[in-house]
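S.K.: Below are the sequence and a predicted model; questions follow.
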Amino acid sequence: MMITLLVLLPLLGFFLNGFYHFSAQARKTEPSVVVAGVIGTIALFAAFALAVVAWLSLGKSGAWDVGIEERLFSWMKLGTLHVEFGYRLDRLSGIFTLVITGVGSLIHLYSIGYMENKGSARYFAYLNLFCFMMLNLVLGSSLPLVFLGWEGVGLASYLLIGFWSGEMANIMAAQKAFLMNRVGDLGLLFAMFIAFKFAGTLDLADLSSYSFKPEVATAFGLLIFLACTGKSAQIPLFTWLPDAMAGPTPVSALIHAATMVTSGIYLLARLNPVMGQSPTVLFVIAAVGAGTALMSAITACFQSDIKKVLAYSTISQLGFMFVACGVGSPETGVFHVMTHAFFKALLFLGAGSVIHALSGTQDIFKMGGLRSSLPLTFWTFTAGWAAILGLPPFSGFFSKDGILHESLVAAHGSRVIFAVLAFTAFLTAFYMTRLYILVFFGQSRLSEGVRKHVHESPIVMTLPLLFLGLAALAGGWFGAPVRFESGHHGGVGEVSPYLIMVISVFIAAAGAFLGYRKYFRSNHSEKTRDPFRVDEIYTVVFGRGTEMVASFCSRFIEEGVFQRILQFSGAAVDLGGNLFKTVQTGSAQGYLLMMVLAVVALVCGLIFGVHGYGN
């Protein structure tokens, strides 16, 4: 029952912190953030220790693909539908479990310092709840259990994004994330209906080995992809993620860098055998991923909020992972999930350390010269910056170059996709160097009041930065062989991975050099703007458009049709009443006369009717 215990430990932390929160409220005292943080961190760190043990036992048994399964009870029995409530640990779910619990433990520890005067036991309860739901998502052995975790993650993210509910902007950001994810979740729900209708099962292992008809595989794959666009913030359901930066910075690191947004990649990789049955689905995945990566990278170049830059960077990197799944190399995409979790969590937590030191300042044009004031933050952030650029020997060098290579030579790769990703990598190097230079180099642009209080973060915050910095430096070596083991060639022929490596490093160096030249001695500021104005388009189409449809329905359908029908019905009843009223005289003689006339008419009808029938 090791896997089950692993999943239940964060749930235990949720209940303990929840009880601690409500008991403190009952005593009318303020719960200690440190105590709550220790409870939440220990719960998740214990889950990480169990995940490591389970991973080692998985390797020892050699059941990487078959996995270890624990069935707890029969969950659903409805006719031919039989769903077991159980967990399955294999190579894919094991990697995600290690990332969720490992990176999650460091983020919990970091939160103790970051939320010291801004949080409560409720915050750590939500963090533990989120991790519990995420583990259900990646370890669930059937689609209904995955869906349970899928929806639970959406709920927990809503609670965390809107944690600081005193500001309306935070509430609106949480609602936006919740609603846009619900749109995508409909895709997963309908996909389950199709799977059971045609395959007769919802077990993930059985679905992966089932051969659908081409049209059914296309419909199923597109619905799964719709669900993934919501959770993993791809076109068209991607605008929620930048707004979700309204939540605390550790939340951004946990949800929007290392776990929740990668759940779409997990589902695509898990169901890759089914996705591969439809070339149309793979093309859509690769095309949307490449388009999202490029659009988000362009938008990141126009952001001035340090967290917004990283948010659009996350969307762009997720686009790289989608491309890997779309061209037929999901293992490379999962490899990038792991390395991205290291360096993006590091970058978000480094940004949080900067924000913490600057008393809440997030505008990169109001920073500058912080490398001497925040030495630990600077050097660890440097590791994250080098990793996302893909400079050797940092982790992003292996995984990003692997995706570039596969986008060109994999079975569904193409030169167009490779060109788009290469240009996106150039933009990534440019805007990340822009952020790096403006925050840590040049002359200080801090206000006098902020400059006096600049200080390095406490050890409870810098220790996670050090661990993540080491992971960003060396984490890529754990999966380095993936770059050279692509067995899905067929795109444009054999291309040496070493050539792609040289091209990739040159692109990163060129983008970094351009960012350095433009911003190293720059003293002017830039306004944040969205060059594509996607939110404005959505407001016009779905906001004002919905109002126009509602107005049309109100004026022409409600008033023009239904109101007229009701008015006609009322008038008909009123006319009938008036007609009957004329014969209601109140005279007994008149009523008797009408009865006699009615009897005579009935008798005459019967006589003449029978006579006519006889003839």
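M.R.: All right, it came through fine.
S.K.: List the residues that contact the residue positioned nearest the centre of the chain.
M.R.: Within the chain, the residue whose C-alpha comes closest to the C-alpha centroid is Lys231; the distance, by C-alpha atoms, centre = their mean, is 2.6 Å. Contacts of Lys231 were listed using C-beta atoms under 8 Å, 6 or more residues apart in numbering, and they are 150, 153-154, 181, 184, 260-261, 263-264. In this view, the C-beta of every residue, glycine as well, is placed from N, C-alpha and C.
S.K.: tell me what the longest helix along the chain is packed against?
M.R.: Counting by DSSP state H, the longest helix found in the chain is helix 168-199. In terms of contact count using 3 or more C-beta pairs under 8 Å, 6 or more residues apart in numbering; DSSP states H and E, helix 168-199 is assigned the packing partners helix 143-161, helix 204-208, helix 214-231, helix 240-243.
S.K.: Could you break the chain into its assigned domains?
M.R.: As given by automatic domain parsing, the domain ranges for the chain are 533-584, 587-615.
S.K.: what distance separates the start and the end of the first one?
M.R.: I take that to be domain 533-584. In terms of C-alpha to C-alpha, to the nearest Å, the two terminal residues of domain 533-584 are separated by 71 Å.
S.K.: distance between it and the chain's centre?
M.R.: Relative to its chain's centre, domain 533-584 lies at 40 Å (C-alpha atoms, centre = their mean, to the nearest Å).
S.K.: likewise the last one?
M.R.: In this view, domain 587-615 has its centroid 80 Å away from the chain centroid, taken as C-alpha atoms, centre = their mean.
S.K.: so what's the spatially closest residue to Val216 that is not a sequence neighbour scoring on pLDDT?
M.R.: Nearest-residue entry for Val216: Phe198, 5.2 Å, with adjacent residues in sequence omitted and distances by C-beta to C-beta, 6 or more residues apart in numbering. Reported pLDDT at Phe198 in the predicted model: 95.
S.K.: Phe198 reaches Phe212, doesn't it?
M.R.: Yes: Phe198 is within contact range of Phe212, at 6.1 Å (criterion: C-beta atoms under 8 Å).
S.K.: Compare neighbour counts for the two and give me the winner.
M.R.: Looking at Phe198 and Phe212 with other C-beta atoms under 10 Å, you find the greater number of neighbours at Phe212, namely 19 against 15.
S.K.: what kind of secondary structure is that one in?
M.R.: At Phe212, secondary structure determined by DSSP: H, G, I helix; E, B strand; the rest coil is coil.
S.K.: Let's have the helices and strands packed on helix 168-199 in a markdown table, adding distance to Tyr436 and mean pLDDT.
M.R.: Rendered in a markdown table, the data for those read as follows (distance: least, C-beta to C-beta, whole Å; pLDDT from 0 to 100):
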| stretch | distance to Tyr436 | mean pLDDT |
| --- | --- | --- |
| helix 143-161 | 27 | 95 |
| helix 204-208 | 41 | 92 |
| helix 214-231 | 29 | 96 |
| helix 240-243 | 20 | 92 |
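S.K.: Nearest to Gly413, out of the ones you listed?
M.R.: With respect to Gly413, and counting by C-beta to C-beta, the nearest of the helices and strands packed on helix 168-199 is helix 214-231 at 18.2 Å.
S.K.: which of the residues in the closest one are buried?
M.R.: For helix 214-231, the buried set under the neighbour-count rule, 16 or more other C-beta atoms under 10 Å, comprises 216-231.
S.K.: so can I have JSON lines of the domains of the chain showing mean pLDDT, distance to His108 and mean neighbour count?
M.R.: Shown next, in JSON lines, are these (pLDDT from 0 to 100; distance: least, C-beta to C-beta, whole Å; neighbours: other C-beta atoms under 10 Å):
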{"stretch": "domain 533-584", "mean pLDDT": "80", "distance to His108": "32", "mean neighbour count": "11"}
{"stretch": "domain 587-615", "mean pLDDT": "74", "distance to His108": "89", "mean neighbour count": "10"}
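S.K.: Next, format those as JSON lines and append distance to Ala474.
M.R.: Below are these laid out as JSON lines (distance: least, C-beta to C-beta, whole Å):
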{"stretch": "domain 533-584", "distance to Ala474": "37"}
{"stretch": "domain 587-615", "distance to Ala474": "104"}
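S.K.: so which of those comes closest to Gly104?
M.R.: Comparison of the domains of the chain against Gly104 by C-beta to C-beta identifies domain 533-584 as nearest, at 30.2 Å.
S.K.: Mind listing what's buried along the strand or helix carrying Val34?
M.R.: For Val34, the host element (DSSP states H and E) is helix 33-61. By neighbour count, with 16+ other C-beta under 10 Å as the criterion, the buried positions of helix 33-61 are 33, 36-37, 39-48, 50-51, 54-55, 58.
S.K.: Now do that helix, average pLDDT.
M.R.: Averaging pLDDT along helix 33-61 yields 94.
S.K.: Can you name the element that comes right after it?
M.R.: Using DSSP H and E, the next helix or strand after helix 33-61 towards the C-terminus is strand 68-78.
S.K.: what distance separates the start and the end of stretch 255-270?
M.R.: Termini of stretch 255-270 sit 20 Å apart (C-alpha to C-alpha).
S.K.: chain center to that stretch: distance?
M.R.: Distance of stretch 255-270 from its chain centroid, counting by C-alpha atoms, centre = their mean, is 7 Å.
S.K.: I'd like to know the average pLDDT value across it.
M.R.: pLDDT averaged over stretch 255-270 equals 88, rounded to a whole number.
S.K.: What separation is there between Ser211 and Pro236?
M.R.: As for Ser211, its distance to Pro236 is 31 Å (criterion: C-beta to C-beta, to the nearest Å).
S.K.: Settle it for me: which of those two has more neighbours?
M.R.: When Ser211 and Pro236 are compared for neighbours, Pro236 comes out ahead with 16 against 11, by other C-beta under 10 Å.
S.K.: So that one sits against Thr229, correct?
M.R.: Yes: with contact taken as C-beta under 8 Å, Pro236 and Thr229 are classed as touching, separated by 7.0 Å.
S.K.: Please identify which helix or strand holds the residue nearest to Leu389 when sequence neighbours are not counted.
M.R.: With C-beta to C-beta, 6+ apart as the criterion, Leu389 has its nearest non-adjacent residue at 4.4 Å, and that residue is Ala508. The secondary structure element spanning Ala508 is helix 497-519 (assigned by DSSP H and E).
S.K.: Identify all contacting residues around the helix or strand just after that helix.
M.R.: On the C-terminal side of helix 497-519, the closest following helix or strand by DSSP H and E is helix 534-538. The list of residues contacting helix 534-538 from outside it, by C-beta under 8 Å, 6+ apart, reads 238-239, 530.
S.K.: List only those of these flagged as buried.
M.R.: Buried among the contacts of helix 534-538 by 16+ other C-beta under 10 Å: 238-239, 530.
S.K.: Right, I'll call it a day here.
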